[in-house]
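Novice: sequence? don't have it. structure:
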């Protein structure tokens, strides 16, 4: 395929209102999950007067573990479930290895942002996938309420 003919996630995103809503839901879901994981740790470290860097590192590791365990066991984090979303494998059942791979970038927020950007920048058949979703053969779907895909 010629470079000029490749369709990226950004191409789809600029024209598709359902896809825009999908990514907005994913963003809100990760904000909810960050709050669930980071707030108690930040409060604990604020109370004991520890430096700011360690709570961010610890929180990132815990977010990665939290997301991996919930994706592999119930199909999504609290944030995703609140937003009527679910992490799903392309085929079969979500394995722990797939959940681990798709969530590895959540250990550091900068990596997660790069994961989203790279996933949207490459030629894709599923513009709902971040880069680690493509590697893990997973995607995120909206279910239930309006806008289901």
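Specialist: Looks like it arrived, so ask away. What you see is a predicted model, and the numbers here were worked out from it, not measured in a lab.
Novice: any regions of this protein where pLDDT drops low?
Specialist: 1-6, 51-54, 123, 145-149 (pLDDT under 70).
Novice: what segments of it are strands?
Specialist: 85-89, 138-142 (DSSP state E).
Novice: save the ones you listed as TSV, and put in mean neighbour count and distance to residue 76 too.
Specialist: Where C-beta positions appear, they are placed from N, C-alpha and C, glycine not excepted. As requested, these are arranged in TSV below (neighbours: other Cβ atoms under 10 Å; distance: least, Cβ to Cβ, whole Å):
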stretch	mean neighbour count	distance to residue 76
strand 85-89	21	5
strand 138-142	21	8
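Novice: and residue 8, which of those is closest to it?
Specialist: Among the strands of the chain, the nearest to residue 8 by Cβ to Cβ is strand 138-142 (16.2 Å).
Novice: what helices and strands are in contact with that closest one?
Specialist: In terms of contacts (3 or more Cβ pairs under 8 Å, 6 or more residues apart in numbering; DSSP states H and E), strand 138-142 is packed against helix 17-48, strand 85-89, helix 96-103.
Novice: quick one: closest of those to residue 134.
Specialist: Nearest of these (Cβ to Cβ): helix 96-103, 9.3 Å.
Novice: in the closest one, which residues are buried?
Specialist: For helix 96-103, a neighbour-count test (16 or more other Cβ atoms under 10 Å) marks 98-103 as buried.
Novice: ok, these vs residue 121, which is closest?
Specialist: So of the buried residues of helix 96-103, ranked by how close each gets to residue 121 (Cβ to Cβ), first place is residue 102, at 17.6 Å.
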